[in-house]
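Visitor: Using only what follows, build the 3D model:
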Amino acid sequence: MSTQKDNIERYADWLDTKFKIPGTGITFGLDFIIGLFPVVGDVFSFGLSGGLLLMMIRKGASGKALALMILNITLDAIFGSLPVVGDVFDLFFKANKRNLNLYQDHFEEGEHEGSAWPVIFTVLAILIILFSVVVFFAVKLLALLWDLITS
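Guide: Below you'll find the predicted structure:
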């Protein structure tokens, strides 16, 4: 009889590591294949990763483990949606395999216990810093363009 843990492992395997490129150690799964279809594939792939996350929520993963899993899925969705580069990223990042490892570490080793807030605050801090850098350079670029236009 199949357990929920087996189902989660099998699902993650199908999404990220089910197939192997002959002559290499490179594995891939449905997430990579579906992600080759621009936009629709990326959205569908994001939904499949969300399905794996829901299985782990039902199993009782901690807030911290779930926050780390959501971060993996989000990074996969953002970078995976970039044309060509995103497909290569998907081939090697394997968010679902990473999430399976988090799941196993959490339930078998007792890791990633606790609240999601430290992860959330760290991500927010990084986003605020990145946003500030982008705004800074945008203002500098606009000032440079203004000087070129008005001089």
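Visitor: Thought residue 98 was touching residue 75, still the case?
Guide: No: contact status for residue 75 versus residue 98: not in contact, 9.3 Å apart, counting by C-beta atoms under 8 Å. For the C-beta atoms, the positions are set from N, CA and C on the backbone; glycine is no exception.
Visitor: Enumerate the positions of the longest helix along the chain that are buried.
Guide: The helix spanning the most residues in the chain, taking DSSP state H as the definition, is helix 117-150. The neighbour-count criterion (16 or more other C-beta atoms under 10 Å) identifies 119, 123 as the buried residues of helix 117-150.
Visitor: From here on, call the first residue 37.
Guide: Happy to do that; since the first residue is 37 now, the last one works out to helix 153-186.
Visitor: Tell me which other helices or strands that helix touches.
Guide: Using 3 or more C-beta pairs under 8 Å, 6 or more residues apart in numbering; DSSP states H and E as the contact test, the elements touching helix 153-186 are helix 99-116.
Visitor: Heading C-terminal from the helix it packs on, find the next helix or strand.
Guide: helix 121-129 (DSSP states H and E).
Visitor: Residue ranges of each domain in this structure, please.
Guide: The chain resolves into domains spanning 40-149, 152-187 when parsed by automatic domain parsing.
Visitor: Could you work out the end-to-end span of the longest one for me?
Guide: It stands for domain 40-149. This stretch, domain 40-149, spans 20 Å end to end (C-alpha to C-alpha, to the nearest Å).
Visitor: Next one: residue 140, what pLDDT does it get?
Guide: According to the prediction, residue 140 has pLDDT 92.
Visitor: again, but for residue 180
Guide: 95.
Visitor: do residue 146 as well
Guide: Looking at residue 146, its pLDDT is 83.
Visitor: Please apply the same query to the one 10 residues further on.
Guide: Residue 156 carries a pLDDT value of 85.
Visitor: Over to residue 96?
Guide: In this model, residue 96 carries a pLDDT of 86.
Visitor: element containing the closest residue in space to residue 104 that isn't next to it in sequence, please.
Guide: In space, residue 104 comes closest to residue 138 once its chain neighbours are excluded; the distance is 5.5 Å by C-beta to C-beta, 6 or more residues apart in numbering. Assessed by DSSP H and E, residue 138 sits inside helix 131-145.
Visitor: What residues of that helix count as buried?
Guide: Within helix 131-145, the residues that count as buried by 16+ other C-beta under 10 Å are 131-136, 138-139, 142-143.
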